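Chemist: Here is the input, now give the coordinates:
(chains A, B, C, D, E, F, G, H, I, J, K and L)
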12 protein chains.
Amino acid sequence: MRVMVLHGPNLNMLGTREPEIYGRTTLVDIDAALVQRGVELGVEVWTFQSNHEGGLIDALQAEASRSDGVIINPGAFTHYSYALRDALAAAHLPTIEVHLSNVYAREPFRHHSVIAPIATGQISGLGWRGYVLALEWLAAR
Amino acid sequence: MRVMVLHGPNLNMLGTREPEIYGRTTLVDIDAALVQRGVELGVEVWTFQSNHEGGLIDALQAEASRSDGVIINPGAFTHYSYALRDALAAAHLPTIEVHLSNVYAREPFRHHSVIAPIATGQISGLGWRGYVLALEWLAAR
Amino acid sequence: MRVMVLHGPNLNMLGTREPEIYGRTTLVDIDAALVQRGVELGVEVWTFQSNHEGGLIDALQAEASRSDGVIINPGAFTHYSYALRDALAAAHLPTIEVHLSNVYAREPFRHHSVIAPIATGQISGLGWRGYVLALEWLAAR
Amino acid sequence: MRVMVLHGPNLNMLGTREPEIYGRTTLVDIDAALVQRGVELGVEVWTFQSNHEGGLIDALQAEASRSDGVIINPGAFTHYSYALRDALAAAHLPTIEVHLSNVYAREPFRHHSVIAPIATGQISGLGWRGYVLALEWLAAR
Amino acid sequence: MRVMVLHGPNLNMLGTREPEIYGRTTLVDIDAALVQRGVELGVEVWTFQSNHEGGLIDALQAEASRSDGVIINPGAFTHYSYALRDALAAAHLPTIEVHLSNVYAREPFRHHSVIAPIATGQISGLGWRGYVLALEWLAAR
Amino acid sequence: MRVMVLHGPNLNMLGTREPEIYGRTTLVDIDAALVQRGVELGVEVWTFQSNHEGGLIDALQAEASRSDGVIINPGAFTHYSYALRDALAAAHLPTIEVHLSNVYAREPFRHHSVIAPIATGQISGLGWRGYVLALEWLAAR
Amino acid sequence: MRVMVLHGPNLNMLGTREPEIYGRTTLVDIDAALVQRGVELGVEVWTFQSNHEGGLIDALQAEASRSDGVIINPGAFTHYSYALRDALAAAHLPTIEVHLSNVYAREPFRHHSVIAPIATGQISGLGWRGYVLALEWLAAR
Amino acid sequence: MRVMVLHGPNLNMLGTREPEIYGRTTLVDIDAALVQRGVELGVEVWTFQSNHEGGLIDALQAEASRSDGVIINPGAFTHYSYALRDALAAAHLPTIEVHLSNVYAREPFRHHSVIAPIATGQISGLGWRGYVLALEWLAAR
Amino acid sequence: MRVMVLHGPNLNMLGTREPEIYGRTTLVDIDAALVQRGVELGVEVWTFQSNHEGGLIDALQAEASRSDGVIINPGAFTHYSYALRDALAAAHLPTIEVHLSNVYAREPFRHHSVIAPIATGQISGLGWRGYVLALEWLAAR
Amino acid sequence: MRVMVLHGPNLNMLGTREPEIYGRTTLVDIDAALVQRGVELGVEVWTFQSNHEGGLIDALQAEASRSDGVIINPGAFTHYSYALRDALAAAHLPTIEVHLSNVYAREPFRHHSVIAPIATGQISGLGWRGYVLALEWLAAR
Amino acid sequence: MRVMVLHGPNLNMLGTREPEIYGRTTLVDIDAALVQRGVELGVEVWTFQSNHEGGLIDALQAEASRSDGVIINPGAFTHYSYALRDALAAAHLPTIEVHLSNVYAREPFRHHSVIAPIATGQISGLGWRGYVLALEWLAAR
Amino acid sequence: MRVMVLHGPNLNMLGTREPEIYGRTTLVDIDAALVQRGVELGVEVWTFQSNHEGGLIDALQAEASRSDGVIINPGAFTHYSYALRDALAAAHLPTIEVHLSNVYAREPFRHHSVIAPIATGQISGLGWRGYVLALEWLAAR
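Modeler: Numbers count the residues shown, from 1 in each chain, chains lettered A, B, ... in the order given. Modelled structure (predicted):
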């Protein structure tokens, strides 16, 4: 089993940016935790971050056929990237949308996700552990 | 550690009602799974279901002081029960809002939660396992 | 054949409250007329009123399996009780939503029904006879 | 007693058009059923169909003074014909708005009626029997 | 000089319908007053009423080339007949939109006119004299 | 008979400002035309202009008891001065709202009048003659 | 004279919940203050709190005929309980809606009251003294 | 193969009306071009224009059973004629909605089509050639 | 202690204007009642009325430093005077917004207050006694 | 003559993705058909696809000066890429916006195009032949 | 060269009011800085502040013909004074709208300016230096 | 001191594109003027343009730590790039949003900026000099 993990814009700055919202864990930490948990679960974990909407779509298209599930934190693309939504829908894979913070407790524009209707499920507000729970769910499925 | 699990209206019919949306698992099955997982994690799990908004609030007020976290699937109350929201906010406990199905792929009125802004996090679309992941997160916290 | 008749909040005050809108017929009068018309049609009529949303849901869940149809005047719950809507949808019974007055000639909030999309049909503005017409339609079906 | 029955646009195609929504009963069948029921109730029934908004208004104006009630299925005019609304209001007759299907379970534009505020009552979703119930109500009045 | 006067749906019932809003003057009275005032001003007045949107457009198209101005009370077509609006715009004639009653003191749907943006001016709330003032303005122009 | 004529903000600049919209007639010209037409009709005309909302209200309150009608061009106050609306409503006088240009052919904010619902009628788009028509209507009343 | 005082959901937690918003006064304190002030004013004060919408309606219906006025703090029911609104309207009693905090300085959903249009008046933001002022007003009436 | 071509209100004035928007080609020119192109493609072309919504529906109902496709320029009916929409939907024919001008570069009300959701496709902004392209597409289908 | 009482536009006409809404008490009566109650409470009361938004702001700025509280009935300025709001916010004084009538039972535009979010509290619908209650509350504070 | 053909995000997956919506034709098939039809018409066809908004803009800027027309299927960028809109507007070339499916019969977000107002025309719902029709129109222009 | 500087309501309190938003600089300080910078640039600077909308319009009308540019901080009038907008538009002078704070980071009502569409440009969030930059721009023009 | 200047999509075409809106100055001219002014002010100026949202974010992240301020003209990204907004917010630098034209006098979609709430200030409508003023303000800070 193989799971693709996609991180959207600015998530490469995690741990350095607004730690009062996102904490001090870096993206490298999260990816390492996912890979390690994947090893325990017998799941190959492939991770990718980009600030480019097109870069995420290119990666998704390239990796879809060899993946069994997607974990995606679309970052700000959550709110307007219908192109990413179309790419995810076309991949026809179980997809978990993850947000580190509780987006419903922040600015109104963060309450709306164009990704959510085509995802399998969402986990938000549970910090970096949200990614791990998503991985466990995909593995248990 | 003690976790309160609250189920909103109609969830007592789970497994008999619209299985194409909610599956065949009953609420008894879910509560049993939570209690069992609680035993493994060293967490006491207390569960309660009501079709009465006031019944859920009464229970929450009564149990809040002896609980360390809340898992709540507010059912249809998700969309309009500001009274339940106020009760949850007043409890000052880590709170995970759980939905069995992906509410964002259903009718528009299900996309809005009045509970979400005062919850710690949300898990939706992951079926009964969403409850278990919520419990694990509270235990790991 | 058995038909469940549910009356929502404040309908127990019928005949005493704002007669210029609702007339002087009491709920007891209406229930009696329905039972009598049921006898003529060979339909058992079971009636229930509650000011409690949860009470209506409890009754509906308890009686659904032994009923062949539902007549419901949700009163003010018409406009916001998604919980009642879910309970009605789960019952999978032919359901007629009845309103005594023409709700479209009153305050704007009364124009919107959250029940209507999952009902079989609606009758409004025809006074207590609307209930009887609903019963006849269910019997003739 | 004399009742005017008005059918709006495309209802002349009934029974040939989208039977999964409207059934196989034709408009001739409905008119015949109304006339026959009228004979039983001692009510003269006059029916008219037009695809022309102005044709319906002309007919309504011409027949209003010799009628004691109106049954109207405005078809798609329900949603925008303020001219038909004004004509009905000016007729000062008891008026029942009838819809064959449950309009609230269809496209959003069908949820709004510009006729409803000036009608006496509405019956929707009860198929051709809805017309007959309307006639019985007018006769019983 | 020749002025075309167009009356929309239900205005043929004027004087018989809702006199508390529109008064007891009939359309024949208004047309006679306009013709007579036209004689005094040296203006030929041609009047036409229809309950048919298409009838008004046909008339407008037929008469436009021999007219020097339009007075129109579109009745309920005011609020939705973009077809009438297009016909009026295409006529390229000075056009006064007249309403007998003050539409802004009535139901909200009457506050919006799709005709107004392409008219030269509007007169509302001044009763049948509003037509005469419109004629005088066109004559004085 | 005495008619009060109120001109709102910036109308003192008439004839100097944006003549392509308002023409070259000055406010002095309009007031003179109204006074002269008043003499012909046996109507005393009192005129007042202010850029101050409070100034217009003060004047209206002071003159109301000795006036038989109001002609008001509220200028930009049309769109937001609920205070002026209240003052006009309290005066209980026949009131004509006049606009020189066709406000419905200009910016959207000019389409809405807070004055219109409490006025007797409106004349717009007919230039300075609109004031004279208003005066004639008040005199003829 | 007898005044009914109704407290909505979560108000039983007053003094323990979010004191920075609601202060440390408990509901028992408020009820005691009202009863004592009632004694001074010669007014019998009857108080009731429930987390159940139906419970408040039941109480209101039961006590209405023996009461001369209502003081109600509907809590979160303020924003959606049309059932409570209908019950209050049917009681036909002078009714003061009281809120401890200034609801207009809090979340937007708290700015809208479905109770306000059928109340006699409102007092908000004046803390527990708001209840006492309401009682004094009813007594002075 | 037989194709029905329907032209909505005011299109009979084409070539005389606002040529800066619609050009100088007349409707007769367009119909002739369609018939001629039809001959080349072996398609019988039947054309019809009306300013009457009901007239277009009558024609559509009469011709539907002997047609294999519809080309319709609904003119202003595009924006509100749900009756025409229902008639087109009931015809169950491949249907191309054609607009001469780019409606999205004009007034906002022209951006919304009630016909589009039930059409097969749309061509707009390509002038009279848009009709010919629609015919070619139906023929090639 | 010194309390500033500000009355907005048209309140100087109180008692003469629409007594069915506002009663027959004049502003002089209210001011006298406030001064007298102030004497009893040991509070100096300073009152001011203006139809000028700027006049109210000037007064407020001049008196703020020597006042301990503000009672304001902003009249129609309630709904749009952000300038008055800013002036009140800058005064940093306890402020009670008073309305004589229940604004929530009147036209929709009266339901929204731009002053409310920066006030301490509101009293509405309690007539002239609302001012006195506000004074008592400020004195008791 | 030279025509630039731009394909937006995910169109490279055409023929593999959701064939029930888009059919089995691949983008290579479409480009080949366009090039071949271009040869017949004497038009050089240059095609480009990118999942990157910036990539499409770069290409458009680079090719604009050597092109005589643009055919663009913006994919999901249709709904939010104001940057692409600005780039197309700056190119000052005849531009046809093409959509394979009837976007008005799909999700609401697909009904709105930010490109349409600055395009010359649109073709939607006609599958891959829509591109060819667009090419023929540009060639015939 | 002569530049008119207009300050709207409450700006006379600058430096004393909410310094955490507006700083401690007074209006006198700003006017002095502008006059001094004007001397350096060879520009005569005329400044005026009023809490009265009408006062600002009067001043603008009086000074417009002898001015070559306008710098205006409309304060709260920014959001609703269409009268001030009309006065500025009529002045036909280059106009810079200045705000001390970043209005887009404050309450939503402050995000909308009715002045902006008729200004030449805007500077916001740059404190008192924003005025000086505006002056330099006008001088350099 | 070092200032980063970011130019969004299509700004590389400046001077060639729609000069009636943007003038004939090229981006090279603007960058040169900024660098030269920077030399005078002792500020190092680094400039970057991209049509790629991700490219701007990459650049911003790379340069943020060695910069003391940001000047950004986000072009069309102003209206939807929440990703760019997040990147700017994370940089924690004084940021001036610059627009060459007065965006409030153009299409409605240009009136809303998703960048503005997290910027320090905005300058719009002042042409290329707006950039220079922004630089001077950052230098003077």
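Chemist: can you tell me how far whatever residue of chain A ends up closest to chain G sits from chain J?
Modeler: Proximity of chain A to chain G (CB to the nearest CB) peaks at A:P108, 9.8 Å away. To be clear about C-beta, it is placed using only N, CA and C from the backbone, and glycine gets the same treatment. Look at A:P108 and chain J: by CB to the nearest CB, to the nearest Å, they are 18 Å apart.
Chemist: Same question for A:L41.
Modeler: A:L41 sits 30 Å away from chain J, going by CB to the nearest CB.
Chemist: Now do the SS call for the closest residue in space to that residue that isn't next to it in sequence.
Modeler: Distances taken as CB to CB, 6 or more residues apart in numbering or on different chains put A:A139 closest to A:L41, at 4.2 Å, once the chain neighbours are dropped. Assigned by DSSP: H, G, I helix; E, B strand; the rest coil, the conformation of A:A139 is helix.
Chemist: which residue ranges form the helices in chain A?
Modeler: Along chain A, the segments classed as helices by DSSP state H run A:19-22, A:27-41, A:53-63, A:82-91, A:129-140.
Chemist: Can I get those helices in a markdown table including mean neighbour count, distance to D:D86 and mean pLDDT?
Modeler: What follows is the helices of chain A, written out as a markdown table (neighbours: other CB atoms under 10 Å in any protein chain shown; distance: least, CB to CB, whole Å; pLDDT from 0 to 100):
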| stretch | mean neighbour count | distance to D:D86 | mean pLDDT |
| --- | --- | --- | --- |
| helix A:19-22 | 11 | 57 | 75 |
| helix A:27-41 | 16 | 65 | 97 |
| helix A:53-63 | 21 | 52 | 98 |
| helix A:82-91 | 24 | 43 | 97 |
| helix A:129-140 | 23 | 58 | 98 |
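Chemist: Tell me the residue of chain A that sits nearest chain K?
Modeler: Closest point on chain A to chain K, by CB to the nearest CB, is A:P108, at 9.8 Å.
Chemist: Look at A:W128 and say how many residues are nearby.
Modeler: Per other CB atoms under 10 Å in any protein chain shown, the neighbour tally for A:W128 reads 19.
Chemist: Can you give me the distance of it to I:E53?
Modeler: Using CB to CB, to the nearest Å, A:W128 is found at 54 Å from I:E53.
Chemist: Contact partners for A:A59?
Modeler: By CB atoms under 8 Å, 6 or more residues apart in numbering or on different chains, the contact list for A:A59 reads A:4, A:6, A:48, A:50.
Chemist: Just the closest of those to B:N102, please.
Modeler: A:L6 (18.5 Å; CB to CB).
Chemist: Give the bridge partners for the closest residue to that closest one other than its chain neighbours, please.
Modeler: Closest residue to A:L6 apart from its sequence neighbours, by CB to CB, 6+ apart: A:I72 at 4.4 Å. Judged by DSSP bridges, the bridge partners of A:I72 are A:L6, A:E97.
Chemist: shouldn't A:L84 be in contact with A:L56?
Modeler: Yes: in terms of CB atoms under 8 Å, A:L84 counts as a neighbour of A:L56; the distance is 6.0 Å.
Chemist: what sits in contact with each of these two?
Modeler: Joint contacts of A:L84 and A:L56 (CB under 8 Å, 6+ apart) are A:74, A:77.
Chemist: sorry, back to before: quick one: pLDDT of the residue nearest to A:L6?
Modeler: A:I72 is assigned a predicted lDDT (pLDDT) of 98.
Chemist: How many residues are close by it?
Modeler: Neighbours of A:I72 (other CB under 10 Å): 24.
Chemist: Could you check how far the spatially closest residue to A:D68 that is not a sequence neighbour is from A:A139?
Modeler: Take A:D68 and drop its neighbours on the chain: the residue closest to it by CB to CB, 6+ apart is A:M1, 5.0 Å away. Applying CB to CB, the value for A:M1 to A:A139 is 7 Å.
Chemist: Same check on A:A87?
Modeler: For A:A87 relative to A:A139 (CB to CB), the value is 24 Å.
Chemist: what's the answer for A:R110, then?
Modeler: The value you get for A:R110 to A:A139, if CB to CB is used, is 29 Å.
Chemist: same thing with A:S124?
Modeler: Taking CB to CB, one finds A:S124 at 20 Å from A:A139.
Chemist: Tell me how many other residues surround A:G42.
Modeler: Around A:G42 there are 8 residues (other CB under 10 Å).
Chemist: nearest residue to it other than its sequence neighbours?
Modeler: A:M1 (6.7 Å).
Chemist: Could you do A:Y22 as well?
Modeler: A:L100 (5.4 Å).
Chemist: thinking the one you found is in contact with A:A134, fair?
Modeler: No: using CB under 8 Å, A:L100 is not in contact with A:A134, being 12.0 Å away.
Chemist: so how many other residues sit close to the residue of chain A closest to chain G?
Modeler: 9.
Chemist: Could you report the separation of the residue nearest in space to the middle of chain A from chain J?
Modeler: With distances taken as CA atoms, centre = their mean, the residue of chain A nearest its centroid is A:I72 (2.0 Å). From A:I72 over to chain J the distance is 16 Å, taken as CB to the nearest CB.
Chemist: Tell me how many other residues crowd A:H92.
Modeler: 10.
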